[in-house]
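1. Sequence and predicted structure, then a few things I'm wondering about:
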Amino acid sequence: MTEIDWSLDGYDYELPPDRIAQNPVVPRDSSRLLVVDSPSSQQHRIFRDLPDLLNPGDLLVLNNTRVIPARLYGHKPNGPAVEILLMEERQHNCWLALVKPGKRLKLGAKIEFDPICNEESAGPCCCLSQATATLSDRLTATVIERDDATGGRLLEFNLPTEMSLIPFLDEYGHVPLPPYIDNSQAAPEQYQTVYADRLGAIAAPTAGLHFTKELFSRLEQRGIETTFVTLHVGVGTFRPVEVEDVTTHKMHGEWVEVSPATVEKIRETKARGGRIIAVGTTAVRALEGAAAATETPIGDFPLQPFSGQTNLFIYPGYKWRVVDGMITNFHLPRSTLLMMLSAMIGRSRVLDLYLEAIAQQYRFYSFGDAMLILPEAVFDQIGD
């Protein structure tokens, strides 16, 4: 490695705007798959070929988080419109959120929200749930704190103590597609994995969007097992790197859970010589973050059950503890996700593969195509 591996400019590349996928392919597993099978070779396949590309006894680790309708629209009382993006619940019904326009929302400012009406009506919304009907007034929130780390605000929602904001989001919130998806006809459920069942993310773990129930059945028939972790995707995954020396970038924490059952399955897989293939950068971060948090002594199995925050930042020079290979989508320039891939197969190799993907007309970002990095391509295997 050289100094450019830790320089932000070393992670830049040019992407033609027409390569940014605006809609998912149908069926999900018909997306393209760039298979990195050695340090110097790759092949172009279709995602449904995945069972043939892995070995019986391998273990796929997937992130089962589910995207919440985290984008809400409201207004100040008798005032201008306000847009908020919920990021994480800090306390009961107190949420950290990005707000626009932030300068107008001082401490103590109140925001009123209107429910989404799915029926044509000139009068009040007629499709309110029983939960919403219990409110004596419309849903509101008050700005109680500014968060300097994110530039966001802490919002306290006016709900009774025994109630949670989550049941109201289906009526007040929208699934927040990334800003580079600005011309999509995708249904909200197309921005969820078919196995998503743990509410809490503000963005989908997009490498998992390629899986179908039929594909899982074929993987099982070939002897490839699956297990799940949870990482609620938040601002840490997408926060831009703003320092030239990437080693000084501070990751925002995200909530992770790695269960005892998943740890045992990984232990069994390793013991029989199987390989751990993480589905997505969030699954990578969950596993490696849990291993780092438990600080297992050298020589012991490196992963223990874990539940809590991780702010692990993976960049070149990182010593892998758990993950042998990964499935991932194509990521934005100058992003921490691109740096994670570079920690696995090298920065120059990643950029060369991205140039080839662009030349071969691959589709990029959340609704785009995928890459499979097989363990044979990883230049630095599991560290001490």
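-> Everything's here; your move.
2. Outline the domain layout of this structure.
-> Structurally, the chain divides into domains by the TED database as follows: 8-67+186-377, 71-116+135-174.
3. mind putting those in JSON lines, mean neighbour count included?
-> For every residue, glycine as well, the C-beta is placed using N, CA and C. Formatted as JSON lines, these follow (neighbours: other CB atoms under 10 Å):
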{"stretch": "domain 8-67+186-377", "mean neighbour count": "19"}
{"stretch": "domain 71-116+135-174", "mean neighbour count": "16"}
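4. Low-confidence bits of the stretch 251-384 of the chain, can you list those?
-> Residues of the stretch 251-384 of the chain meeting the criterion pLDDT under 70: 296-299, 380-384.
5. Can you give me the pLDDT of Asp114?
-> As summarised for this prediction, Asp114 has a pLDDT of 85.
6. so which of the domains of the chain comes closest to Tyr180?
-> domain 8-67+186-377 (5.4 Å; CB to CB).
7. From the opening residue of the closest one to its closing one, how far?
-> The first and last residues of domain 8-67+186-377 sit 24 Å apart, counting by CA to CA, to the nearest Å.
8. before we move on, what about stretch 7-14?
-> By CA to CA, the extent of stretch 7-14 from end to end equals 17 Å.
9. Contacts for it next, please.
-> Stretch 7-14 is touched from outside by 4, 241, 243-246, 333-335, 338-339, 342, 347, 351, 354-355, with contacts defined as CB atoms under 8 Å, 6 or more residues apart in numbering.
10. Among the residues you listed, name the ones in helices.
-> Leu338, Met339, Ser342, Arg347, Leu351, Tyr354, Leu355 (DSSP state H).
11. out of these, which one sits closest to Pro179?
-> Using CB to CB, Leu338 comes nearest to Pro179 of those, at 17.7 Å.
12. Assess the claim that that closest one and Asn329 are in contact.
-> No - counting by CB atoms under 8 Å, no contact exists between Leu338 and Asn329, whose distance comes to 11.3 Å.
13. What backbone torsions are found at the nearest residue to Asn64 once chain neighbours are set aside?
-> In space, not counting the residues next to it along the chain, Asn64 is nearest to Phe228; the distance is 4.3 Å by CB to CB, 6 or more residues apart in numbering. For Phe228, the backbone dihedrals are phi -130, psi 150 (criterion: degrees, to the nearest 10).
14. could you list every residue that touches Phe228?
-> For Phe228, the contact set (CB under 8 Å, 6+ apart) comprises Val61, Leu62, Asn63, Asn64, Tyr195, Ser259, Thr262.
15. Could you dump those residues into JSON lines with distance to Ala204 and secondary structure added?
-> Written out in JSON lines, the entries for the contacts of Phe228 read as follows (distance: CB to CB, whole Å; DSSP: H, G, I helix; E, B strand; the rest coil):
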{"residue": "Val61", "distance to Ala204": "17", "secondary structure": "strand"}
{"residue": "Leu62", "distance to Ala204": "12", "secondary structure": "strand"}
{"residue": "Asn63", "distance to Ala204": "9", "secondary structure": "strand"}
{"residue": "Asn64", "distance to Ala204": "11", "secondary structure": "coil"}
{"residue": "Tyr195", "distance to Ala204": "12", "secondary structure": "coil"}
{"residue": "Ser259", "distance to Ala204": "21", "secondary structure": "coil"}
{"residue": "Thr262", "distance to Ala204": "20", "secondary structure": "helix"}
